[in-house]
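Novice: Fold the following, please.
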Amino acid sequence: MPFVLDASVALAWAFEDESTPYTDWVQDALAHDLARVPGIWPMEVLNAMLVSERRGRIAMAATVGFITIVRGLPIEIEGPSLDRLANETIAVARQHALSVYDASYLDLAMREGLPLATRDQRLRAASRAAGVELFE
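Specialist: Reported below is the predicted structural model:
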């Protein structure tokens, strides 16, 4: 079953100390499921990797390896739409007290009727409040 993938889950795949049975399970699910992500996802993931490099948490070679792996996964990126962001996504952010970044994941899950894979506790709570199934 397709699902919406939050960056918090994908980034755990790059860092052993952030990996959990849940994040491993979600990664394994990509062997047979498609993940959908909002347009912000690649920038969020790449920025987190770059910041981690700058802080000495990960080597550039590990970032390159991680990106290579992620590029081979069945992840479909939804193009950003200013109209959508300025109307629906910001309304979801306001209603659930989320950042527009986090609301973009919830908005996509709501529109597509897909479960949401996230480690973010606020986003999990907002998903429940919005009636969005969590990918578990």
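Novice: Please make it C-alpha for all contacts and neighbour counts, starting now.
Specialist: Will do.
Novice: what's the burial count for Gly56?
Specialist: 10 (other CA atoms under 10 Å).
Novice: now the strands for the protein?
Specialist: 3-5, 35-37, 75-77, 116-117 (DSSP state E).
Novice: can you list contacts of the shortest one?
Specialist: Judged by CA atoms under 8 Å, 6 or more residues apart in numbering, the contacts made with strand 116-117 from elsewhere in the structure are 3-6, 9, 26, 105-106, 109, 127, 132-136.
Novice: what about Leu108, distance to Ala61?
Specialist: According to CA to CA, to the nearest Å, Leu108 and Ala61 sit 32 Å apart.
Novice: Kindly report the same for Pro2.
Specialist: Distance, Pro2 to Ala61, by CA to CA: 30 Å.
Novice: sorry, back to before: in CSV, list the strands of the chain along with mean neighbour count and distance to Glu88.
Specialist: Listed next are those as CSV, based on neighbours: other CA atoms under 10 Å; distance: least, CA to CA, whole Å:
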stretch, mean neighbour count, distance to Glu88
strand 3-5, 26, 17
strand 35-37, 23, 16
strand 75-77, 15, 18
strand 116-117, 26, 18
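Novice: Those strands: which one's closest to Val92?
Specialist: Nearest to Val92 among the strands of the chain is strand 116-117; the distance by CA to CA comes to 14.9 Å.
Novice: Leu108 and Ala61: which is more packed in?
Specialist: Neighbour totals were compared for Leu108 and Ala61, and Leu108 leads with 20 against 10 (other CA under 10 Å).
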